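Participant: No sequence on hand, only this structure:
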């Protein structure tokens, strides 16, 4: 089975994780992988990866003074893209094995 969207999807992910931004690309990559994060970001990123719909204003407000809107946006988007890619790859793998 060929993933006809792989090239575009990978380009979007690379753009988000490596382009200049308010956060260091290493931090965005860590958020996408849900690994190697600063302690204060672990709960938020884990929640995005596991149950994004449960992220609340309070979760973001807790980090607001340290990270601000732009950095938090980049971190959350990176985490969401990483989580979605993980799920997609698992789904594609399951289809390939079926």
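Facilitator: Arrived safely. Because the structure is predicted, anything quoted here is derived from the model rather than measured. Residues are numbered from 1 along each chain as shown.
Participant: Can you pull out the low-pLDDT segments for this protein?
Facilitator: 1 (pLDDT under 70).
Participant: And the top helix by length along the chain, what does it pack against?
Facilitator: Criterion DSSP state H: the longest helix present in the chain is helix 57-97. Counting contacts by 3 or more CB pairs under 8 Å, 6 or more residues apart in numbering; DSSP states H and E, helix 57-97 packs against helix 6-18, helix 25-33, helix 39-51. (C-beta placed from N, C-alpha, C; glycine too.)
Participant: For residue 66, give its distance to residue 39.
Facilitator: According to CB to CB, to the nearest Å, residue 66 stands 11 Å off from residue 39.
Participant: Counting neighbours, go ahead and name the busier of these two.
Facilitator: Counted by other CB atoms under 10 Å, residue 66 and residue 39 do not tie: residue 66 has more neighbours, with 11 against 6.
Participant: Looks like that one contacts residue 40 (just checking).
Facilitator: Yes: Residue 66 lies in contact with residue 40 (CB atoms under 8 Å); the separation is 6.6 Å.
Participant: Quick one: residues contacting the residue most central in space within the chain.
Facilitator: Against the mean C-alpha coordinate of the chain, by CA atoms, centre = their mean, the closest residue is residue 79 at 1.5 Å. By CB atoms under 8 Å, 6 or more residues apart in numbering, the residues touching residue 79 are 31-32, 34, 44-45, 48-49.
Participant: Which pair of those spans the longest distance?
Facilitator: Greatest spatial distance in the contacts of residue 79: 32 and 44, 13.5 Å, computed using CB to CB.
Participant: Neighbour count: those two, which is higher?
Facilitator: residue 32 (24 against 21).
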